[in-house]
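Participant: here's a sequence, model it:
(chains A and B)
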Protein chains: 2
Amino acid sequence: MTAGLNDRLGDYVAIAKTLGVDAVVLVPGPNFTRVVSHPFMSHERPHLMAICADGRTAAIVPNLELQSWGLVGFDGPVFDWRDQTGYAEAFADFLGYLGLESVAVEGQVMRVFVHHALLAAQPSLRIVDAEREISAPRMIKTPKEIEAMREAIRISERALERTLTGFTLGQTEKDIEQALILNLFAEGAEDHAFRPIVAAAENAARPHAKARKVLLQRGDALLIDFGARKGGFCADITRTFFVGHVSDEDAEIYETVLRANRKGHEVTRAGITAHEIDDAVIGVLEASPFAEFIRTKTGHGLGREVHEAPYVMRGNHMVLPAGTVYTNEPGLYLEGRLGVRIEDVVLVTETGSESLTTFPTDLRVLPC
Amino acid sequence: MTAGLNDRLGDYVAIAKTLGVDAVVLVPGPNFTRVVSHPFMSHERPHLMAICADGRTAAIVPNLELQSWGLVGFDGPVFDWRDQTGYAEAFADFLGYLGLESVAVEGQVMRVFVHHALLAAQPSLRIVDAEREISAPRMIKTPKEIEAMREAIRISERALERTLTGFTLGQTEKDIEQALILNLFAEGAEDHAFRPIVAAAENAARPHAKARKVLLQRGDALLIDFGARKGGFCADITRTFFVGHVSDEDAEIYETVLRANRKGHEVTRAGITAHEIDDAVIGVLEASPFAEFIRTKTGHGLGREVHEAPYVMRGNHMVLPAGTVYTNEPGLYLEGRLGVRIEDVVLVTETGSESLTTFPTDLRVLPC
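Facilitator: Predicted coordinates for the structure are as follows:
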């Protein structure tokens, strides 16, 4: 095995020990990709690796992935299976070889059919959902990972500016979404991190709105939430603009959200808890005349996944170390009228925080 | 509820009855989207709906999705929950209200954390993986769905032709991948259906290869497997080209794969089983001098998902009715040398089959 791979596998040996289980079982997804540095797909074919508390490893691999698997440097035994014969035997052989009584799995990644295949092969197996513990090694980003995120953000910001430059009143939400996606790829994204949200006026009041074939109108708020993926890492940015004109009340709503966003940057530094950040950010909104329009928490971790630990919300007392990256995205959502969200990507440092997002947050009225 | 929604919910009432379970539970994914006609995201927040054998319905919805949920026309009770307080109570109330002893779930879609949340709220609940039965209503496409797929395929074919027109020897696999993605969006895709595979020479021997920063060479096979998404439906096309020149043996390999592909089109018609198609297609490869290079089955269903039922492989004796859409994608994979795959999207009709893919399959040498 390569040295890097061994180090990364070692993280899960330690986690298995801490959890008191015989092994950690990973399936294709962000932790799996972190370990093997190759993005295996997770379709209808079970593919998994076990890292045991005693340091042994083994994998179940679909036969058609064997060649790619051979390149990752994993030296535990491989139990492969073919579509024509199914995977029951591979699971039985894998579990028989390892002799496990308990495993920890990623509950947000592993699907029920794999869970059932494990239990079908060994009904006595105890399966623990340890999503949080297993994903924890991803929370602190390496310098290389932070650089990938900076690049994803730079690409996203250039794409946003190009999209705004091309904006006209004759565009629908769909048109803007399409232009944004094209600009993301033209600026060098390897993918979009998620389907962009482009929502105007009352549609922006839906946190996960879908773009409509509806023309923008003067005075509309225009919320754009999107990000590039680069080097396997995600950007996630939201800006809210106004079309041609902004009313005094809308401007006040905007400035309230902006104050909440700035508060998040200010209070962040290594050692703070996710709860404390959310309390400070949401506290600004709660102290405003718009408290009834709060619908969401401050944000979430960002990295290989758009949503990952730490979830920045009250009740999550996880301490954030330097190198944690999270989204600071307070918002106010006035049903039937408008939504305003301002989202930056924040890097936690020893002395404070750095906004990886550099796109201006001042209230911007798009000329039209 | 709208009439269409009621009809679609009725499909799952019937499935619950057939399976002998109290309810079918759907989570965001292709079946869920089919029911509510809105693509809810499936992140870290549990969101599900139950359709009971006795016709009752209920849902667990994250609070921040309540507005969007209100638009789908679902009139069963909704148990919502907020990030700050968690979802345990919503699960308990939901199960308490419905009084279920057994549920059928989509094992390929539902993740373990939802499975565990159901069991935590009611340890006696029997959870059956009925992926196949629950997804079955998606297998027969409506005329409107087939039209969406035709459009996704037309977009994909235009994007491929543009990419080939721009091809030069100075490009790497990565360059071609990037151009292809840009062309897909420029031609009107709402998304790519999956990350394209652009693989030359020995890299093409890996069925799920990753594009490399490696320049193409004269004589290389160039395998391109990709597709647009449009109207929520996927295209999935593979063509294999040769760069500047093709050797006699490579041409023979290509023609062998093409004969297998054509056999799939010929034998298909309503009433054939998935097994019989695969047997015919793979049979052509087995009878050739290249039998040892077979690595995959014939293909898979295509629709809202890139991979869905029916899986076209020996051992799957599912009968294919008219309206089924599947990928016919035989291939030969010579490790360390090249891979050839030719993939069309096939519509099963009463009298035979129609290739929704119209991009020519004749051996094509790219000028350079």
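Participant: okay, CA-based contacts and neighbour counts for the rest of this
Facilitator: Fine.
Participant: who's residue A:338 bridged to?
Facilitator: residue A:334 (DSSP bridges).
Participant: in the longest helix seen in chain A, which residues are buried?
Facilitator: Longest helix in chain A by number of residues (criterion: DSSP state H): helix A:143-165. The neighbour-count check on helix A:143-165 (16 or more other CA atoms under 10 Å in any protein chain shown) flags A:145-160, A:162-163 as buried.
Participant: hmm, that helix touching chain B?
Facilitator: No - Helix A:143-165 lies apart from chain B when judged by CA under 8 Å from any CA of the partner chain; the minimum separation is 13.4 Å.
Participant: pLDDT on that helix, on average?
Facilitator: Over the span of helix A:143-165, the pLDDT mean works out to 97.
Participant: before we move on, what about stretch A:97-115?
Facilitator: Stretch A:97-115 comes out at a mean pLDDT of 97.
Participant: any part of it near chain B?
Facilitator: Yes - judged by CA under 8 Å from any CA, stretch A:97-115 comes into contact with chain B at A:106, A:107, A:108, A:109, A:110, A:111, A:112, A:113, A:114, A:115.
Participant: name the residues of that stretch that come out as buried.
Facilitator: Those would be A:100, A:102-115, for stretch A:97-115 by 16+ other CA under 10 Å.
Participant: what of stretch A:336-349?
Facilitator: Applying 16+ other CA under 10 Å to stretch A:336-349 flags A:338, A:339, A:340, A:341, A:342, A:343, A:344, A:345, A:346, A:347, A:348, A:349 as buried.
Participant: reformat the residues you listed as JSON lines; add secondary structure and pLDDT.
Facilitator: Below are the buried residues of stretch A:336-349 laid out as JSON lines (DSSP: H, G, I helix; E, B strand; the rest coil; pLDDT from 0 to 100):
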{"residue": "A:338", "secondary structure": "strand", "pLDDT": "96"}
{"residue": "A:339", "secondary structure": "strand", "pLDDT": "97"}
{"residue": "A:340", "secondary structure": "strand", "pLDDT": "98"}
{"residue": "A:341", "secondary structure": "strand", "pLDDT": "98"}
{"residue": "A:342", "secondary structure": "coil", "pLDDT": "98"}
{"residue": "A:343", "secondary structure": "strand", "pLDDT": "98"}
{"residue": "A:344", "secondary structure": "strand", "pLDDT": "98"}
{"residue": "A:345", "secondary structure": "strand", "pLDDT": "98"}
{"residue": "A:346", "secondary structure": "strand", "pLDDT": "98"}
{"residue": "A:347", "secondary structure": "strand", "pLDDT": "98"}
{"residue": "A:348", "secondary structure": "strand", "pLDDT": "98"}
{"residue": "A:349", "secondary structure": "coil", "pLDDT": "98"}
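Participant: turn these into CSV, including distance to residue B:231.
Facilitator: Shown next, in CSV, are the buried residues of stretch A:336-349 (distance: CA to CA, whole Å):
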residue, distance to residue B:231
A:338, 26
A:339, 26
A:340, 28
A:341, 28
A:342, 29
A:343, 29
A:344, 31
A:345, 32
A:346, 35
A:347, 37
A:348, 40
A:349, 44
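Participant: strands of the stretch 251-368 of chain A, start to end?
Facilitator: In the stretch 251-368 of chain A, the strands defined using DSSP state E, counting those that start in this stretch lie at A:299-301, A:308-312, A:325-328, A:331-334, A:338-341, A:344-348, A:353-355, A:365-366.
Participant: about what we covered before: name the helices or strands packed onto the longest helix of chain A?
Facilitator: Helix A:143-165 sits against helix A:173-186, strand A:228-230, strand A:233-234, with contacts defined as 3 or more CA pairs under 8 Å, 6 or more residues apart in numbering or on different chains; DSSP states H and E.
Participant: contacts for stretch A:157-166, please.
Facilitator: Applying CA atoms under 8 Å, 6 or more residues apart in numbering or on different chains, the external contacts of stretch A:157-166 come out as A:176, A:179, A:180, A:183, A:184, A:186, A:187, A:358, A:359, A:366.
Participant: can you name the residue of the stretch 1-150 of chain A nearest chain B?
Facilitator: Closest to chain B within the stretch 1-150 of chain A is residue A:111: 4.0 Å, counting by CA to the nearest CA.
Participant: residues contacting that residue?
Facilitator: B:107, B:108, B:109, B:110, B:111, B:112.
Participant: got phi/psi on the one residue sitting closest to the centre of chain A?
Facilitator: The centroid of chain A falls nearest to residue A:306 when counting by CA atoms, centre = their mean (1.8 Å). Backbone geometry at residue A:306, expressed as degrees, to the nearest 10, gives phi -70, psi -40.
Participant: for the nearest residue to it once chain neighbours are set aside, name its beta-bridge partners.
Facilitator: Nearest residue to residue A:306, sequence neighbours excluded (CA to CA, 6 or more residues apart in numbering or on different chains): residue A:234, at 6.2 Å. Residue A:234 forms beta bridges with residue A:229, as assigned by DSSP bridges.
Participant: which residues touch the residue nearest to residue A:291 when sequence neighbours are not counted?
Facilitator: Leaving aside its chain neighbours, residue A:291 sits nearest to residue A:285 (5.6 Å; criterion: CA to CA, 6+ apart). Shown in contact with residue A:285 (CA under 8 Å, 6+ apart): A:256, A:257, A:260, A:291, A:294.
Participant: mind picking the one among the residues you listed that's closest to residue B:17?
Facilitator: Nearest to residue B:17 out of the contacts of residue A:285 is residue A:294 (CA to CA; 42.0 Å).
Participant: ok, now how distant is the closest one from residue A:155?
Facilitator: As judged by CA to CA, to the nearest Å, residue A:294 and residue A:155 stand 30 Å apart.
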